[in-house]
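>>> Please work out how this folds:
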Amino acid sequence: MVKLVKRRKAVAGKVDRNAKYELKEAFQLAVETANAKFDESVDVAVKLGIDPRKADQNIRGSVVLPRGTGKKFRILVFAKGEKEAEAKEAGAEHVGGDELADKIQGGWMEFDRVVATPDMMGVVGKLGRVLGPRGLMPNPKTGTVTFNVRQAIEEIQAGKVDFRADKGGIIHASLGKASFSVDDLADNYGALISTLIKMKPSSSKGLYVRGVSLSTTMGLGVRVNYIP
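Next comes the predicted model:
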């Protein structure tokens, strides 16, 4: 515990909490201030000039990160018939229908992502209170409600991340691991920002991207000098 406190004090001196850094320098500082012994995630928070209470400004979507996420996901698919077989062939960990829904309602949560074919949403809809708060509810906007289950599974494993603006208009997303190179993290960041800019609502006035901050799972926040 004493060593951890000393390390945190040491790395804290590397970052000026009031300063804004150029992108690659910000990533380098974020990685250098990682405190954990495991390979921490590198996350970004993007403050947008939107009002999420307005339906047309409630930003939600997904992006496939070009350098991946560094994670292997356990994917659960609600499907039947040919699509059930397709999901299994594509590498889904769990595939089924009512029996999986019953397990989830009973507290079973041994999966990381959920995909469903449109004809199974009647079953999945019953799980809204369980999956919704965890960000696992399938949604057409993120490509997780689809008959093309193979593509959905492949995109998730290739580095697809879902995002949604919170009540404060902030987008939170993972951009990879602390073990990634700064260039790879910057490429993933660029893909996310480009996607967000394309999604700017016409009703959003003034500055759209109002602030960007990077951090690792256990590290310090590093502000980015964002230039549109």
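>>> What ranges does this structure have for its strands?
Counting by DSSP state E, the chain has strands at residues 41-48, 60-64, 75-78, 94-96, 113-116, 160-164, 170-177, 209-216, 222-223.
>>> between these, which gets nearest to residue 25?
For those, the distance to residue 25 is smallest for strand 222-223, at 8.6 Å, taking Cβ to Cβ. C-beta: built from backbone N, CA, C; applies to glycine.
>>> For the closest one, which helices and strands make contact with it?
Here strand 222-223 touches helix 23-32, strand 209-216, going by 3 or more Cβ pairs under 8 Å, 6 or more residues apart in numbering; DSSP states H and E.
>>> and if we set it to 6 Å?
helix 23-32 (3 or more Cβ pairs under 6 Å, 6 or more residues apart in numbering; DSSP states H and E).
>>> Next, count neighbours for residue 187.
Residues within reach of residue 187, counting by other Cβ atoms under 10 Å, total 16.
>>> separation between it and residue 73?
For residue 187, the distance to residue 73 equals 20 Å [Cβ to Cβ, to the nearest Å].
>>> who touches the residue nearest to residue 226 when sequence neighbours are not counted in this structure?
Nearest residue to residue 226, sequence neighbours excluded (Cβ to Cβ, 6 or more residues apart in numbering): residue 212, at 4.7 Å. Contact partners of residue 212, counting by Cβ atoms under 6 Å, 6 or more residues apart in numbering, are 46, 224, 226.
>>> Residue 212 and residue 48: what is the separation?
10 Å.
>>> Equivalent analysis for residue 161, please.
Residue 161 sits 16 Å away from residue 48, going by Cβ to Cβ.
>>> Compare those two (neighbour count), which wins?
Shown here are residue 161 and residue 48; by other Cβ under 10 Å, residue 48 has more neighbours (24 against 21).
>>> How many neighbouring residues does the closest residue to residue 87 other than its chain neighbours have?
In this structure, residue 87 finds its nearest non-sequential neighbour in residue 77, 4.0 Å apart by Cβ to Cβ, 6+ apart. Residue 77: 30 surrounding residues under other Cβ under 10 Å.
>>> correct me, but residue 77 touches residue 96?
No - in this structure, residue 77 is not within contact of residue 96 by Cβ atoms under 6 Å, at 8.1 Å.
>>> Would you map the helices across the chain?
2-12, 23-32, 82-89, 98-105, 121-124, 128-131, 149-158, 182-198 (DSSP state H).
>>> Could you tell me how far the longest one lies from the centre of the chain?
Remark: helix 182-198 is offset 13 Å from the chain centroid, using Cα atoms, centre = their mean, to the nearest Å.
>>> by how many degrees do that helix and helix 23-32 diverge?
Compare the direction of helix 182-198 with that of helix 23-32 by axes from the mean of the first three to the mean of the last three Cα atoms, to 10 degrees and you get 120 degrees.
>>> list the helices and strands helix 182-198 packs on?
By 3+ Cβ pairs under 6 Å, 6+ apart, helix 182-198 packs against helix 23-32, strand 60-64, strand 170-177.
>>> 7 Å - rerun?
Counting contacts by 3 or more Cβ pairs under 7 Å, 6 or more residues apart in numbering; DSSP states H and E, helix 182-198 packs against helix 23-32, strand 41-48, strand 60-64, strand 170-177.
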